[in-house]
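# Build me a model from this:
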Amino acid sequence: MSAGSGLQQFRLRENQLFLVLSIVIGILAGLLAVLFTLGIERASRVMFGVTPSALRLFFVPSLVSVVTGILLVKVFHDARGSGVPQTVAAFRLNGGVISPRVPIGKFITGILCIGSGHSLGREGPSLQLGAGLASVVGQWLRLSPARVKELVPVGAAGALSAAFNTPVAAVIFALEEVIGDMNATLLGSTVVASVAAVVVERSILGNEPLFRVPAYQLVHPAELAGYALLGLVGGVISVVFCRLLLRLRTYFMSLPPRTRIWQPAMGGVAIGAILLLVPEVRGVGYPLVDQALNGGLVLRTMLLLGSVKLVATVVSYASGNAGGIFAPSLFIGAMTGGAIGLLVQSVAPFPTGAPGAYALVGMGALFAGIIRAPMTSVFMIFEITQDYQILVPLMVANLLSFAISRHYQPQPVYRALLQQDGVHLPSADPTGSGGGWTARDVMLAEPRFVDPNETVEEAWRALQDDAAGGWLVGDREYLVGVISREQLEGAMDGGRALEAVSTLAVESPEHVHSDHPIEVVLERLASGEGVLPVVRRHDGRRVEGAITLADVTRFVGKGRRRPVAGD
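Got it, this is the predicted structure:
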């Protein structure tokens with residue numbers, strides 16, 4: 001036997017074993033997702049009872065959030081939020097390595113937060129649970145780093161499949177969002193894990209669909225105009241949701257560090273007050289989605305529930321509680337679509353379909369606009385309905401919602417949440433179109449730092465003879481900000497010589513990463529403070545180098561040849 005054929009057989013055997021492991025991971029992830037769902041339901045029944053009193057509606061989220069705040073800050077600090085952005089970061093930046101503490105923490109805090117009434121979903125946390133389980137199993141079996149990484153989307157797809165009972169959509173989401181590649185070689189493994197997980201879920205919870213969906217029918221071709229209107233409205237609401245979420249989260253992050261442990265409780269008090277007024281927005285809210293799909297809600301109710309759910313979700317998530325935005329986006333979409341369906345039905349001069357059909361399309365449109373996973377949205381709604389007729393209106397609404405959201409909120413919400421945490425994902429093509437110069441080629445690896453505690457006068461005396469247009473304030477481990485020559489001169493002329501340099505520093509300066517192309521470097525230099533910090537993707541405060549225009553000019557002046565493909 002030749003060495004080549006032996007190697008080929010070894011690879012075939014390895015792939016077969018990995019496929020078997022994918023099935024096992026799918027079964028375990030499905031079981032974990034089912035336990036998570038049952039845990040949330042049980043916790044909700046215990047804490048609220050069958051018909052919760054006003055006291056329970058207010059005090060349960062308020063008091064439980066005190067406990068979860070302590071757990072999230074002191075014990076499980078990686079369990080905040082949805083879990084989807086953290087899973088993506090673990091896969092793309094950390095080789096798929098996830099600590100066992102993450103799924104344990106997410107399981108406990110997710111049950112407490114969602115079960116206590118926070119307006120959050122279980123799908124994102126389930127995805128992180130499955131991904132964390134897969135990573136831990138891979139590390140425990142001492143698999144190669146490449147195989148450990150490959151298991152992460154496999155576990156994610158399995159858990160999401162069991163959480164939402166849509167195996168195809170779970171696979172598409174794992175490829176579209178976690179891996180970021182619809183042509184990924186892991187397609188086969190994610191499919192078998194997803195199928196295995198949904199078999200486990202249906203064997204435990206039964207084969208009942210998540211929603212009872214009536215038969216869909218496009219009654220009149222002109223109805224497509226109504227679905228286009230739904231897409232436009234859905235896009236606007238998606239932008240409002242994302243901007244409110246990011247701004248409120250920025251506010252909470254700007255509060256003194258000592259308040260971080262109490263921030264989930266602050267959100268809990270706000271949710272308690274909201275539940276006193278509109279108790280229907282408690283928790284995941286899928287029973288009300290089912291009512292909207294089947295025409296069981298009036299216009300005023302849907303408008304109220306949709307708007308309050310948006311506010312409640314923003315508060316719950318931004319204050320640092322554990323839970324996702326997957327389910328809330330579907331809830332808001334169902335209420336938006338149902339309301340527009342009723343309006344179209346009342347004013348259209350032609351026969352129209354039931355408002356429930358618009359609620360169903362609204363779910364897809366808001367998911368495409370908020371989560372920014374349009375392919376997942378299409379397959380998800382199709383799996384719910386099993387009806388090809390829904391595809392045309394669904395794609396019309398999804399396309400418009402997605403386009404509006406992308407135009408007015410260019411950064412997808414999961415990526416923006418990571419950036420708020422100082423984690424920067426690489427772009428799909430970080431070196432631009434030509435494989436040319438990058439920030440790594442140009443940057444000064446040992447930049448000059450200014451001590452933030454120095455006075456303006458001390459810094460000015462030390463830097464007058466430095467030709468640079470700006471300097472980094474802080475040190476290599478923690479970047480406080482940047483300061484320009486003009487700022488120092490202005491402060492000296494303005495009688496602020498005895499102030500600390502840190503009071504002048506631009507705290508959120510333009511920055512780049514080492515794999516950014518030279519075009520991005522030049523663009524950000526032009527709008528920066530004379531110096532451009534090069535920071536790590538894992539931690540936006542840790543410095544790898546710095547770039548000034550003089551550095552770029554000097555580099556180009558040395559006659560460096562632009563590298564080409566194949567160098």
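# Let me see the ranges of the strands in this structure.
Using DSSP state E, the strands of the chain run over 449-450, 470-474, 479-484, 532-535, 543-547.
# surely residue 232 meets residue 405?
No: applying CB atoms under 8 Å, one finds residue 232 not in contact with residue 405, separated by 11.0 Å. C-beta: built from backbone N, CA, C; applies to glycine.
# Looking at the two, which has the bigger crowd around it?
The neighbour count for residue 232 versus residue 405, taken as other CB atoms under 10 Å, is higher for residue 405 (28 against 17).
# which residues does the more buried one contact?
By CB atoms under 8 Å, 6 or more residues apart in numbering, the residues touching residue 405 are 235, 238, 239, 242, 368, 369, 370, 372.
# From residue 84, how far off is the fourth one?
Residue 242 sits 14 Å away from residue 84, taking CB to CB, to the nearest Å as the criterion.
# So which of these two has more stuff around it?
Taking other CB under 10 Å, residue 242 and residue 84 do not tie; residue 84 has more neighbours (28 against 24).
# residues in contact with that one?
For residue 84, the contact set (CB under 8 Å, 6+ apart) comprises 124, 127, 128, 177, 178, 324, 326, 414.
# okay, it: pLDDT?
With respect to pLDDT, residue 84 has a value of 92.
# Leaving out sequence neighbours, find the closest residue to it.
Nearest non-adjacent residue to residue 84, counting by CB to CB, 6 or more residues apart in numbering: residue 124, 4.7 Å away.
# how many neighbours does the one you found have?
Other residues close to residue 124 by other CB under 10 Å number 28.
# From what I see, it and residue 329 are in contact.
No: using CB under 8 Å as the test, residue 124 is too far from residue 329 to be in contact (10.4 Å).
# quick one, which of the strands of the chain is packed in tightest?
When you average the neighbours per residue for each of the strands of the chain (mean count of other CB atoms under 10 Å), strand 532-535 leads with a mean of 26.
# Please compute how far that one lies from its chain's middle.
Computed by CA atoms, centre = their mean, to the nearest Å, the separation of strand 532-535 from the middle of its chain amounts to 24 Å.
# residue ranges with poor pLDDT in the stretch 1-150 of the chain?
The stretch 1-150 of the chain contains residues with pLDDT under 70 at 1-14.
# Try it again at 50.
Scanning the stretch 1-150 of the chain for pLDDT under 50 picks out 1, 10.
# now the helices for it?
Listed in chain order, the helices found in the stretch 1-150 of the chain under DSSP state H, counting those that start in this stretch are 3-48, 54-70, 84-93, 101-115, 123-140, 145-164.
# winner for burial among the ones you listed?
helix 145-164 (a mean of 29).
# hang on, the earlier thing: please name the residues that touch the residue nearest to residue 84.
Contacts of residue 124 by CB under 8 Å, 6+ apart are 81, 82, 83, 84, 323, 324, 325, 326.
# at 7 Å instead, please
If you count contacts by CB atoms under 7 Å, 6 or more residues apart in numbering, residue 124 has them with 82, 83, 84, 324, 325, 326.
# Tabulate those (a markdown table), appending distance to residue 550.
Shown next, in a markdown table, are the contacts of residue 124 (distance: CB to CB, whole Å):
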| residue | distance to residue 550 |
| --- | --- |
| 82 | 43 |
| 83 | 44 |
| 84 | 42 |
| 324 | 47 |
| 325 | 45 |
| 326 | 48 |
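# contacting residues for residue 310?
241, 332 are the contacts of residue 310 under CB under 7 Å, 6+ apart.
# quick one: pLDDT of it?
So, for residue 310, pLDDT stands at 97.
# if we can go back for a sec, if you look at the contacts of residue 405, which of them are in helices?
Residues of the contacts of residue 405 located in helices (DSSP state H): 235, 238, 239, 242, 368, 369, 370.
# PyMOL command to pick out the buried ones of these?
The buried subset of these, as determined by 16 or more other CB atoms under 10 Å, is captured in PyMOL by this line:
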select buried, resi 235+238+239+242+368+369+370
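# Outside of stretch 541-552 itself, list whatever touches it.
So stretch 541-552 is contacted by 422, 439, 442-445, 447, 467-470, 472, 476-479, 514, 521-522, 525, 530-536 (CB under 7 Å, 6+ apart).
# circling back: out of the contacts of residue 124, which is nearest to residue 165?
Nearest to residue 165 among these, counting by CB to CB, is residue 326 at 13.2 Å.
# wait, doesn't residue 412 sit right on residue 371?
No: Residue 412 lies out of contact with residue 371 (CB atoms under 7 Å); the separation is 8.0 Å.
# Can you lay out the contacts of residue 405 as CSV showing pLDDT and distance to residue 46?
Listed next are those as CSV, based on pLDDT from 0 to 100; distance: CB to CB, whole Å:
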residue, pLDDT, distance to residue 46
235, 96, 40
238, 96, 35
239, 97, 38
242, 96, 34
368, 93, 36
369, 94, 36
370, 95, 31
372, 89, 36
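# and which of those residues is nearest to residue 93?
Nearest to residue 93 out of the contacts of residue 405 is residue 372 (CB to CB; 19.6 Å).
# OK, contacts around the closest one?
The contact partners of residue 372, taken as CB under 7 Å, 6+ apart, are 402, 405, 412, 413.
# try 10 Å
176-177, 238, 242, 401-402, 405-406, 409, 411-415 (CB atoms under 10 Å, 6 or more residues apart in numbering).
# same thing with residue 293?
Counting by CB under 10 Å, 6+ apart, residue 293 touches 211-214, 334, 337-338, 354-360, 362-363, 384-385.
# Check residue 369 too.
Each residue near residue 369 by CB under 10 Å, 6+ apart is listed here: 231, 233-239, 241-242, 329, 332-333, 377, 397-398, 400-406, 409, 413.
# what about the spatially most central residue of the chain, distance to residue 347?
Nearest to the geometric centre of the chain sits residue 414, at 2.4 Å (CA atoms, centre = their mean). Using CB to CB, one obtains 37 Å as the distance from residue 414 to residue 347.
# now swap in residue 256 and tell me
According to CB to CB, residue 256 stands 52 Å off from residue 347.
# With that, I have no additional questions.
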